[in-house]
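Participant: Got a sequence here, can you build the structure:
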Amino acid sequence: MKQDSMVSDEFKALNLICHRIPQRTFKIRGKYFPVCARCTGFYIGAFSYFIGAYFVYVEYTLYLIFIAFLMMIPAFLDGFTQLLGSRESDNKLRLLTGLVGGVGLAILVKAVKWMILISF
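Facilitator: This is a model prediction of the structure:
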């Protein structure tokens, strides 16, 4: 238990982009990921979308932007219900909601970029 509290203190010093709670972070060979399971999913989902959108043309319509917002709702609900203490999620669900939310966030980022580019 002492090891976990030491790791937790280390994570608190570097939590600018993620809470980095050890119980919510994947660990491989005794080393924790730099971000939690949900943020890992967000990064993988967004990166995957950016790579795919580079090779395939995507038209950013209001419908697609609406779908992108819907894709972010599961991650929000999962995190918010945990924050309220009404339930506890596991890392697999955090990763899955992060993946879906990451794709949604990437769509929104690309849509904003597209809107800025067409306005000039």
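
Participant: can you list the weak-confidence ranges in the protein?
Facilitator: Where the chain drops to pLDDT under 70, the residues are 1-16.

Participant: host element of the residue most central in space within it?
Facilitator: Among the residues of the chain, the one closest to the centroid is residue 42, at 2.4 Å (CA atoms, centre = their mean). Using DSSP states H and E, residue 42 sits within helix 37-55.

Participant: So what touches the helix or strand that comes right after that helix?
Facilitator: Counting by DSSP H and E, the next helix or strand C-terminal to helix 37-55 is helix 62-84. With contact meaning CB atoms under 8 Å, 6 or more residues apart in numbering, helix 62-84 is reached by 38, 41-42, 58, 87-89, 93-94, 97-98, 100-101, 103-105, 107-108, 111. (Each C-beta comes from the backbone N, C-alpha and C, glycine too.)

Participant: from the middle of its chain, how far away would the helix or strand just after helix 62-84 be?
Facilitator: Downstream of helix 62-84, the next assigned helix or strand under DSSP H and E is helix 91-119. Centroid separation for helix 91-119 versus its chain: 9 Å, with CA atoms, centre = their mean, to the nearest Å.

Participant: so helix 91-119 versus helix 37-55, what angle?
Facilitator: Calculated by axes from the mean of the first three to the mean of the last three CA atoms, to 10 degrees, helix 91-119 forms an angle of 40 degrees with helix 37-55.

Participant: Would you mark the buried spots in helix 91-119?
Facilitator: Within helix 91-119, the residues that count as buried by 16 or more other CB atoms under 10 Å are 91, 93-108, 110-111.

Participant: ok, now how distant is the nearest residue to residue 68 once chain neighbours are set aside from residue 113?
Facilitator: Distances taken as CB to CB, 6 or more residues apart in numbering put residue 107 closest to residue 68, at 3.8 Å, once the chain neighbours are dropped. For residue 107, the distance to residue 113 equals 11 Å [CB to CB, to the nearest Å].
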